[in-house]
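**Student:** Build me a model:
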Amino acid sequence: MAAVAPAPYSHAHFQSLPTLEEAKSKFLQGAKGEDLVASFFRDFFVKEGMDRTFGLSMLHRHFDLGSSEKLVDYQGTSTPWNGVIAGMQNPQPTLWSFDDDGLLRPTEFRYAEKQDAPLPQKALIFIAKFRAELDKRDLTKLVGLARYPGDEFQGSCEFSMGRSNINLKPEDYPADLKHIPTIWFFSEGLWKRGCRCTCNASSDDHPHGQHVITTSA
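**Tutor:** Now for the predicted structure:
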């Protein structure tokens, strides 16, 4: 299968992503997403050797962005960035999804002076296989890819304040959190520890709610 390289960021594509409630209804409920994660996607990522390169993400957006903005995480806080700052590295993608033309585009980013290595050929071939599997299951508009956070990943709890998303350390998680899963990781260690991203279903101040990354099954 031919390799597929990611295309550039598109504001229009970001704005086309569903809300959390729409994503929950279509993927978790309509497509029985949790069952698909356990019965198909985990084995697929592991078999292709991509469980330490990508995770699976449920497509949704946190809030609207301006036409020149990107959502960029720096040390656990994601905010809209406008343009490029001279002397600084470009933000690096952390989430990707397919647009209406079948192009894989980044939707969220992180900032670090140290840049990730380019995706290897094996990962680019996997992207094509992933797209084919999504097309086969009518899931192209429901799920995408997430950057693997590393084997030592312990989790965080993200909540929204205005147009900022702030990550808490595991010891600061809210005790009464009601969460919706949004990203799954498939490496043996993270899968066994139950490390995944979820959104708080009980948030009243923001339509997106809150992200949570759990560290127990």
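
**Student:** ok, Trp96 - contacts?
**Tutor:** 6, 104-107, 144-146 (CB atoms under 8 Å, 6 or more residues apart in numbering). In this view, the C-beta of every residue, glycine as well, is placed from N, C-alpha and C.

**Student:** switch to 7 Å and redo it
**Tutor:** Contacts of Trp96 were listed using CB atoms under 7 Å, 6 or more residues apart in numbering, and they are 6, 104-107, 144-145.

**Student:** Need the three-state assignment for it.
**Tutor:** strand (DSSP: H, G, I helix; E, B strand; the rest coil).

**Student:** wait, what's in contact with the residue nearest to it when sequence neighbours are not counted?
**Tutor:** Distances taken as CB to CB, 6 or more residues apart in numbering place Leu145 nearest to Trp96, at 4.6 Å, with adjacent residues excluded. Contact partners of Leu145, counting by CB under 7 Å, 6+ apart, are 54, 57, 96.

**Student:** The contacts of Trp96 in strands, which ones?
**Tutor:** 104-107, 144-145 (DSSP state E).

**Student:** how about the strands in this protein?
**Tutor:** 54-58, 69-74, 77-82, 92-98, 104-110, 143-147, 157-161, 164-168, 179-184, 196-200, 210-214.

**Student:** can you tell which of those strands is closest to Ala31?
**Tutor:** Closest approach to Ala31 among these is made by strand 143-147 (8.8 Å; CB to CB).

**Student:** Tell me what angle that closest one forms with strand 179-184.
**Tutor:** 70 degrees (axes from the mean of the first three to the mean of the last three CA atoms, to 10 degrees).

**Student:** Okay, now the sheet partners of strand 143-147, with direction.
**Tutor:** Next to strand 143-147 in the sheet, as set by DSSP bridges, lie strand 54-58 (antiparallel), strand 92-98 (antiparallel).
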